[in-house]
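Q: how would this look folded up:
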Amino acid sequence: MSVPQEVELKMMTLGDLFSDNSGNGNKIQLKIPDYQRIYSWEEKQVMRLLNDVHQIADKPYHMGTIILHKRNNGQYEIVDGQQRLVTLTLLLLELPKESEATLTSLANAYFESEEAHRYIAYNKWLIQNYLKTRKIKADSLLKQLQFSVLLLCSENLDLAYTFFTANGNRGKSLSDYDLLKSHHLRFIYLPEQALHLAGRWDNLIRQSDNNNQENALARTFETCLFRSRQWMRNRTWDEDEKRKVKNHFEAALIIPEIPPFGEQFDFYETIQGGTHFFAFAEHFIGRYKEFQRTIPYKQLHMRLNWEKHWWYRDVIEALLFAYFLKFGIQYLCDAFALISKNVAQHRLTTFRAYLHSILKYVSDGEIVMMIDQATSPTFFLAELKALNDAFHEPEELSGTRQRFNNHLQEIYKQLNPLMAIKHESNDRK
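A: From the prediction side, this is the model:
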């Protein structure tokens, strides 16, 4: 059996988990395997869960990841999530009887351990007392509680586990980077290779606190690569779109008869599934970490972190990173000055800035394509300088625009000794 058939990742509600949705009243046969530790949730864990579900009302609430192992007899063994599912079953047993039709087979689970029985008895008492003063609706519980469910259909659990990154945080959904890992591992058919690459990817996630927007993984992919790749094709996008990074960096379509080839590591290249993606990711994260050590990067993050200046900071960063990928540190300070002056034209001529208008302005300016087409820094710098020279800065600046301009002038002063091109200062202090 090949790897893609062995693992399935899906979003499921508590109602989905506790019913097979067949309409005939059957239920998913959940089973606690012998190797699992006993049910042992303490009072503080039970109370935390009860407080969480009491507040869900009619809005979805994510309760982390569940791992189920499908056996040949049709039963689903709970690999991870036993404590939550058993506690939720105890809660449903105390709610009005109309919820009985959706109760999982865990309601009839047998626990050999005397200790488990003590925990169950005490937690039932906790739940009963909690419900005396607070109301929880069974329907809301079943419809609004959501889980990322990993279904393992292989006897090789070690291999199947490579598809899963246990975030360990209650209520935290899998990130785009967890899902990209699962997606691209499906294109790798050598188990040893899959285990090795999964481990390296997990290290990248841990080092960057998964999807922390200020760390290398997210800034490389979302702030820089995603935007530059879209600008290369003059595309627009919704910044608030869910899973935009995950969807964009999934494997591109191919023609089966014609194999993909080549590892040029151009930031805009087509995404190949499997090993190439992981190499692509490590390459660009490594380059981004080099980029973070440059003086223009440090100045940018030192001085444009307030108000909405950071919108402009991020697009300048993305454009400068594209230049860095092409030409390295050669004339990087000059590139920063010209790129930031070009982007600043939007800020200095706009009374009220919006992120979507900034992104469109940068896309229309085609700076990413100018960088790509230049065979030497001098051609790019000369072309952008000519465009900037045609801009006439407003005579009067005030408020946010003035403060933004002042911050840029401070950066230029710091970088001026390192520049080949002499940039005139427009300091308005």
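Q: The nearest residue to C153 once chain neighbours are set aside: neighbouring residues, count only.
A: Spatial nearest neighbour of C153, chain neighbours left out: K70 (4.9 Å); criterion: CB to CB, 6 or more residues apart in numbering. (Glycine included, C-beta is placed from N, CA and C.) K70 has 16 neighbours, counted by other CB atoms under 10 Å.
Q: Repeat that for L145.
A: So L145, with other CB under 10 Å, has 22 neighbours.
Q: which ones are touching it?
A: By CB atoms under 8 Å, 6 or more residues apart in numbering, the residues touching L145 are T13, L14, V53, I56, P60, Y61, M63, L88.
Q: same thing but 10 Å
A: 12-17, 52-53, 56, 60-63, 84, 88 (CB atoms under 10 Å, 6 or more residues apart in numbering).
Q: are any of those buried, and which?
A: The neighbour count (16 or more other CB atoms under 10 Å) marks 12-17, 53, 56, 61-63, 84, 88 as buried among the contacts of L145.
Q: Just name the closest of those residues to K360, please.
A: Within the buried ones among the contacts of L145, the smallest distance to K360 is 32.7 Å, found for H62 (CB to CB).
Q: Tell me the secondary structure at M11.
A: strand (DSSP: H, G, I helix; E, B strand; the rest coil).
Q: what is it paired to in the beta sheet?
A: Per DSSP bridges, the residues bridged to M11 are S148.
Q: is it true that it touches F147?
A: Yes: the pair M11 / F147 is scored as a contact, 7.4 Å apart, by CB atoms under 10 Å.
Q: Could you check which of those two has the larger neighbour count?
A: Neighbours of M11 and F147, each counted by other CB under 10 Å, are more numerous for F147; the result is 21 against 13.
Q: The helix or strand containing E77 pairs with which strands, and in what direction?
A: E77 belongs to strand 76-80 when assigned by DSSP states H and E. Its sheet considered, strand 76-80 pairs with strand 30-31 (parallel), strand 61-70 (antiparallel) by DSSP bridges.
Q: Can you say which of these is nearest to L204?
A: Each of the strands paired with strand 76-80 was scored for nearness to L204 using CB to CB, and the closest is strand 61-70 (18.9 Å).
Q: The closest residue to Q45 other than its chain neighbours: what's it in contact with?
A: Leaving out its chain neighbours, the residue that sits closest to Q45 by CB to CB, 6+ apart is Q83, at 7.2 Å. Residues near Q83 by CB under 10 Å, 6+ apart: Q36, R37, I38, Y39, S40, W41, E42, Q45, V46, L49, Y119.
Q: The strand or helix carrying Q83 vs strand 76-80, what angle?
A: Element membership for Q83 (DSSP H and E) is helix 82-94. Helix 82-94 runs at 120 degrees relative to strand 76-80, counting by axes from the mean of the first three to the mean of the last three CA atoms, to 10 degrees.
Q: Break the chain down into its domains, please.
A: Using automatic domain parsing, the domain parsing of the chain gives 3-174, 216-418.
Q: quick one on the thing from earlier: just curious, which of the contacts of L145 is nearest to R229?
A: H62 (28.8 Å).
Q: Who is the closest one paired with across the strands?
A: Taking DSSP bridges as the rule, H62 bridges to Q146.
Q: And it, how far from G399?
A: 41 Å (CB to CB, to the nearest Å).
Q: again with E42
A: Using CB to CB, we find E42 at a distance of 54 Å from G399.
Q: Torsion angles phi and psi at Y354?
A: The phi/psi pair for Y354 (degrees, to the nearest 10) reads phi -130, psi 140.
Q: now the helices: where do they sit in the stretch 201-350 of the chain?
A: Ranges of helices in the stretch 201-350 of the chain, per DSSP state H, counting those that start in this stretch, are 216-218, 227-232, 244-248, 275-292, 295-303, 309-327, 332-348.
Q: Output the contacting helices and strands for the fifth one.
A: What it means is helix 295-303. If you count contacts as 3 or more CB pairs under 10 Å, 6 or more residues apart in numbering; DSSP states H and E, helix 295-303 packs onto helix 275-292, helix 309-327, helix 332-348, helix 399-415.
Q: cool, the last one as well?
A: Based on contacts counted as 3+ CB pairs under 10 Å, 6+ apart, the elements that helix 332-348 packs against are helix 295-303, helix 309-327, helix 355-365, helix 367-373, helix 377-389, helix 399-415.
Q: If we use 8 Å, what do you get?
A: helix 295-303, helix 309-327, helix 355-365, helix 377-389, helix 399-415 (3 or more CB pairs under 8 Å, 6 or more residues apart in numbering; DSSP states H and E).
Q: Likewise for the first one?
A: For helix 216-218, the packing partners by 3+ CB pairs under 8 Å, 6+ apart come out as helix 191-207, helix 275-292.
Q: for the shortest one, what is the average pLDDT?
A: Mean pLDDT, taken over the full extent of helix 191-207, equals 84.
Q: same check, this time on the longest one
A: Confidence over helix 275-292, taken as the mean pLDDT, stands at 93.
Q: Next, the angle from it to helix 332-348.
A: 90 degrees.
Q: again with the first one
A: Compare the direction of helix 191-207 with that of helix 332-348 by the same axes, to 10 degrees and you get 60 degrees.
Q: all helices for the stretch 1-150 of the chain, in order.
A: Under the criterion DSSP H, counting those that start in this stretch, the stretch 1-150 of the chain contains helices at 14-17, 43-54, 82-94, 114-133, 138-144.
Q: least reliable of the domains of the chain going by mean pLDDT?
A: Among those, domain 3-174 scores lowest, with a mean of 76.
Q: quick revisit: and the helices and strands packed on helix 216-218 as JSON lines, adding mean neighbour count?
A: Converted to JSON lines, the helices and strands packed on helix 216-218 look like this (neighbours: other CB atoms under 10 Å):
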{"stretch": "helix 191-207", "mean neighbour count": "16"}
{"stretch": "helix 275-292", "mean neighbour count": "18"}
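Q: Format these as CSV; extra columns: distance to N247.
A: Formatted as CSV, the helices and strands packed on helix 216-218 follow (distance: least, CB to CB, whole Å):
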stretch, distance to N247
helix 191-207, 18
helix 275-292, 14
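Q: Nearest to I339, out of those helices?
A: Here helix 275-292 is closest among the helices and strands packed on helix 216-218 (CB to CB), at 13.5 Å.
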